[in-house]
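S.K.: no FASTA, just this:
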């Protein structure tokens, strides 16, 4: 009697179920649940007799108030796009205790690895050394190492300490760095428990050899890193931008690199792609990555694991613990644009 | 009465005292010791009244048997070049309990960082992604990630577990890899204590996603990695050569890369520099570094710290513990060529 | 204008503000807030003009529905007793998004240290060795070590993986144990991320040398460890009970110790104090602690720190992250009795 | 042809081969080597044709110069008692490059666990709490915790940083203590690499909540901890003596405990056993262990593993790395008395 299975409404655009579930896990999904896949914009027109059976929504289709009201069995919206759009009556969702879950944590580890790779690259001039070697003008031994430095034991600053900041800190364990963290949403004691020093923004900027920006963009922090901030950094320090371009004044960043105040790398840009004639494409001291830091197949596939684990808990009347819960207080403050491509 | 200070005979070629001591430490050296700097080839012609006062030799000048016999107060040869040449009567040196110390451990950390950087580079295609971005043909998001993978949680093989292998293992701590080590000079239990799995060479080659070669070249292991060994590796695995080119059949390595069996990076070469028309310069899937992995000023400067700490212990009649001691059994087996440039 | 400060209603019984705040923090509380201290049972009779100004409740006084309705500015109930009693309209509290926070995490570390101390004690027979030494009948060296064993490298089972289980795992880091965890409220992947192996209850019982019970008592797990479970444990294994006596069949536990099936320690008892003639008082192979594991002054004093940090976040419209949030799903399942004494 | 096997001369008194080898490892010993077991005092009278075939000595039998001269194939003395007696011509042994190895490292972990157990016991009053509970006069909850404290986050001092000190540091990892170490035989940088702060003796004594004494007794440090040193410690600090009684003025230690200046535990005593009427037997604030900290069967059995691993390396002409090597400089400075019983 398949009707007895709980109903999952799947509208994972721009993801697909095949992208986010390993084959075996997709099978598990279908074994445990009745799965109704629909285009996001057709949810509104579904019949009441279906809506009232929906236990989980997979994705973030637009949901009107009356649609939500019909979904009397709804326990959770599992948003696998993970950048919250304001297209549901969140206030009522929270009132009803429906969990709004996001799976962006899967990107933390690959992005953190990319960030570390960028830092080591800039610290050792790896790209230009390889290009010089190709061109036959490489410098050998110590002669090729002017400006080279180690990450181990250095002063590291991390701006933002969510999943990504935590993943980065873990990767840095073996490097025994002195890590300062600025995150205005977290209390000092919690940062200390992670073995990092709480600091204000000014300290992080002025006292770091390597700075990693991994904070979400919110209604309050757009462009909070501008020319003044870049000027306050240590001369020659390494600046890595991993989260969203909107948190920096991007032209000021490029100016600081052009002036050799800092070296920098970025995975994100104010426009994607950037114009073909933009100076970012040729600037020396700048390492470019085309928003590829997180988008690994292995990362997408972990989303399915997370979703299945939390649905199993919620099926038993327990709270979800694997995905991240959107919070009433902050859901509306987020300003990350949803992705068009995976 | 400056004569009362112990005498240090300094012949650190190709290093210089300024290279290996921070200014403050060089001052400490001169405060604690009488320092006699001589060209390496003039040691033989020094007078007996000087030789008999020498407590420490800094460097590895050629020493004849009769010169050694005159050095009745000699306690240690502190070889700051660190590749042992067979230019001293080592047998008698060991009989007399004179410590032969090397300072190569200072390179372990910068080389390990370079090795990790190379691994992350190849895993994420960072060099070609940056070059593509410069050229305006970059791929965005997941489209640019075919072949990309994470290091975290992967199977790692390390060949050789001296200072460099240990430094690499430490840097990998936060990545939670499954690490196999092949080192025929170390017993399994000691490897296990470092949290790695002892393995034979075949297992390391066949069961790793990333392979780091960090073993010294000895009289027994020249060219021990050849075409057969490369063929046994996982298709697409990442091979990083950090120690000495002589341990691999270099052409076989390039063949394996050209055939897309593996991707690879190397800091060392059979000839340095390599000919301008050598295929290594343009081979895709190969990342080039011109013997720069260890030669950082900060590394050289640590040598002085090590030397001063161990001399302080030996001054008090205690054994040295900071530098590495050459061993009677293995001193003659080493085949690393000494460096000409730092 | 002191009225402009947010109002805190303090009814921390059986705690006192002096117990839970360090003097300097108590001052900070009074500087930042207007603090109204009232006996718990007088909250109901407070006037509407006060109630509507209350931003935080410190404690868990009984709150009627109409009282709650009057508290229109209420953001959080900070329950410093930390065992939830069913004396508030929780459903409405959750609907309104008022955070119910508990501070029991302060006890995790001292209890975990006590648990580790108990395990090492039983593994080495420390109490009886000291008593024998006092009595002049001690055995020296290996003769005194029959039955002694090390914790390092052993198989450890942890039942329950909340704050206490996590604290215990952290203390065990240096011991390199093989740790299995049973916690039905957590998914396997989350346990693996903490470096422990998820296991079912049967495995934990049958395959451990040391078993720590640190799970809360809920409506579902009363007495889930009985004679059958004790019989399934390894002969001679060490059983440590740290959370609540109600999760075990206490007489069956004592029987298993009396039969020398296991050795055991407990900090909690079905009656506190236990009758003077109860066999628990003299049983060999049993280590007794009179509910003292967590009740350290330093632990109580940390509550104030937590509360102040989370109120600072909530003052800024941010969600609390330091205290533990009660969950809609599980708040009613908890069955720990509140304490009478601190 | 069994004569072709290398010859091991076994005189392990007071150990026995059965004590130090697991059954399977004893079999391996006999498979790989010809083993000649002799009473220690009969080595001198053995024939030259046997002596010249001896490759390894297992134990520390008295060896005369002429006996040594006959042992032309000798590569190593594997001293499984591990406290060096001056009963061999060590100078000539070292000249010949014969490795003198000790296996005392096997005791490091069990002794470190005992030390940690003692520290936690004294910090929480576990023995007296259990005795009070037996007697029906226990105090419940916080009432029983006057003087209780946690080890986590405290200031810890370690005196001596050999195998035992290092094992202790590792066990303390999860406790996140601030660890100061005094060891005059080690340079500061090496201590820092182990994550501890180098300190002089005065600092360690005056600035620690817990002090662990794990230094060997040498010709220079007998009784270096006396009444003045105990007076300099923090009031109420915890003092744990694990290595040798000779490093402290034992009566001064007991005085400091009697005066409630410190609390203390010891595994070692000036006389073993101590007289039945000695005050150490009844002193409050003192925890007694009868030299049992290291003497675990599992520890003894590890000796065989170590010995087999190092002999395998030496058989191949490689230096041993598993056992500890006696050093020319310090072999004669050691003053630990050999044990009579295991």
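M.R.: Sure thing, it's come through. Everything quoted here is computed from the prediction, not taken from an experiment.
S.K.: Please name the residues that touch residue A:314.
M.R.: Counting by C-beta atoms under 8 Å, 6 or more residues apart in numbering or on different chains, residue A:314 touches A:56, A:75, A:76, A:99, A:320. For the C-beta atoms, the positions are set from N, CA and C on the backbone; glycine is no exception.
S.K.: The same query, at a cut-off of 6 Å, please.
M.R.: Listed by C-beta atoms under 6 Å, 6 or more residues apart in numbering or on different chains, the contact set of residue A:314 reads A:75, A:76, A:320.
S.K.: beta partners of the second one?
M.R.: Residues in a beta bridge with residue A:76, per DSSP bridges, are residue A:56, residue A:99.
S.K.: How many residues are close by residue A:334?
M.R.: By the criterion of other C-beta atoms under 10 Å in any protein chain shown, residue A:334 has 17 neighbours.
S.K.: Tell me where chain A is predicted with low confidence.
M.R.: A:1-3, A:335-341 (pLDDT under 70).
S.K.: List the buried residues for the lengthiest helix in it?
M.R.: In chain A, with assignment by DSSP state H, the single longest helix is helix A:297-315. By 16 or more other C-beta atoms under 10 Å in any protein chain shown, the buried positions in helix A:297-315 come out as A:298-311, A:313-314.
S.K.: Stretch A:50-70 too?
M.R.: A:51, A:53-61, A:63, A:67-68, A:70.
S.K.: cool, stretch A:316-329 as well?
M.R.: Neighbour counts over stretch A:316-329 (16+ other C-beta under 10 Å) mark A:318, A:319, A:320, A:322, A:323, A:324, A:325, A:326, A:327, A:328, A:329 as buried.
S.K.: same thing with stretch A:149-166?
M.R.: For stretch A:149-166, by 16+ other C-beta under 10 Å, it's A:149-152, A:154-166.
S.K.: what's the answer for stretch A:75-85, then?
M.R.: Applying 16+ other C-beta under 10 Å to stretch A:75-85 flags A:75, A:76, A:77, A:78, A:79, A:80, A:81, A:82, A:83, A:84 as buried.
S.K.: Let me have those residues in a markdown table, extended by distance to residue C:240.
M.R.: Shown next, in a markdown table, are the buried residues of stretch A:75-85 (distance: C-beta to C-beta, whole Å):
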| residue | distance to residue C:240 |
| --- | --- |
| A:75 | 37 |
| A:76 | 37 |
| A:77 | 42 |
| A:78 | 38 |
| A:79 | 42 |
| A:80 | 42 |
| A:81 | 46 |
| A:82 | 41 |
| A:83 | 46 |
| A:84 | 44 |
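S.K.: Go through these and say which is closest to chain C.
M.R.: residue A:75 (9.8 Å; C-beta to the nearest C-beta).
S.K.: Contact residues of chain A facing chain C?
M.R.: Counting by C-beta under 6 Å from any C-beta of the partner chain, chain A comes close to chain C at A:95, A:97, A:185, A:187, A:309, A:317, A:318, A:319, A:322, A:327, A:328, A:329.
S.K.: what about residue A:179, is that helix, strand or coil?
M.R.: strand (DSSP: H, G, I helix; E, B strand; the rest coil).
S.K.: Excluding residues flanking it in the chain, which one is nearest it?
M.R.: Nearest residue to residue A:179, sequence neighbours excluded (C-beta to C-beta, 6 or more residues apart in numbering or on different chains): residue A:196, at 4.3 Å.
S.K.: surely the one you found meets residue A:178?
M.R.: No: in this structure residue A:196 lies outside contact range of residue A:178 using C-beta atoms under 6 Å: 9.2 Å.
S.K.: quick one, which of the two is more surrounded?
M.R.: Counting neighbours by other C-beta under 10 Å for residue A:196 and for residue A:178 shows that residue A:196 has the greater number, 23 against 14.
S.K.: Tell me how far that one lies from residue A:169.
M.R.: Separation of residue A:196 from residue A:169 (C-beta to C-beta, to the nearest Å): 6 Å.
S.K.: Confirm for me that residue A:40 is in contact with residue A:12.
M.R.: No: Residue A:40 sits out of contact with residue A:12 when judged by C-beta under 6 Å, with a separation of 8.6 Å.
S.K.: who has more neighbours, those two?
M.R.: Neighbour totals were compared for residue A:40 and residue A:12, and residue A:12 leads with 24 against 17 (other C-beta under 10 Å).
S.K.: As a check, name the ranges of all strands in the stretch 101-250 of chain A.
M.R.: A:155-159, A:178-182, A:197-198, A:210-213, A:237-241 (DSSP state E, counting those that start in this stretch).
S.K.: Residue A:319 in helix, strand or coil?
M.R.: Look at residue A:319: counting by three-state DSSP, its state is coil.
S.K.: in terms of contact, does residue A:168 touch residue A:111 like I think?
M.R.: No: taking C-beta under 6 Å as the definition, residue A:168 is not a contact partner of residue A:111, at 8.3 Å.
S.K.: Look at these two and report which has more neighbours.
M.R.: Taking other C-beta under 10 Å, residue A:168 and residue A:111 do not tie; residue A:168 has more neighbours (28 against 25).
S.K.: May I have the distance across stretch A:246-265, first residue to last?
M.R.: Stretch A:246-265 has an end-to-end distance of 15 Å (C-alpha to C-alpha, to the nearest Å).
S.K.: That stretch near chain B anywhere?
M.R.: No: counting by C-beta under 6 Å from any C-beta, chain B has no neighbours in stretch A:246-265; the shortest distance is 9.0 Å.
S.K.: how about the buried residues of stretch A:50-70, which pair is most distant?
M.R.: A:53 and A:60 (19.8 Å; C-beta to C-beta).
S.K.: ok, the closest residue to residue A:296 other than its chain neighbours - how many residues close by?
M.R.: Counting by C-beta to C-beta, 6+ apart, residue A:296 lies nearest to residue A:110, which is 4.8 Å off, once chain neighbours are set aside. Residues lying near residue A:110 (other C-beta under 10 Å) number 27.
S.K.: now residue A:288, nearest residue through space, not along the chain?
M.R.: residue B:133 (3.8 Å).
S.K.: Does that neighbour touch residue A:286 like I think?
M.R.: No: in this structure residue B:133 lies outside contact range of residue A:286 using C-beta under 6 Å: 9.7 Å.
S.K.: And chain A, split by domain according to the record?
M.R.: Domain assignment for chain A by automatic domain parsing gives A:2-103+A:297-333, A:107-288.
S.K.: Can you give me the end-to-end span of the last one?
M.R.: End-to-end distance of domain A:107-288: 19 Å, with C-alpha to C-alpha as the criterion.
S.K.: Off-centre distance for it?
M.R.: Its chain's average C-alpha position is 15 Å from that of domain A:107-288, according to C-alpha atoms, centre = their mean, to the nearest Å.
S.K.: Name the residues that touch the helix or strand containing residue A:92?
M.R.: Using DSSP states H and E, residue A:92 falls within helix A:90-95. Applying C-beta under 6 Å, 6+ apart, the contact partners of helix A:90-95 are A:328, A:331, C:95.
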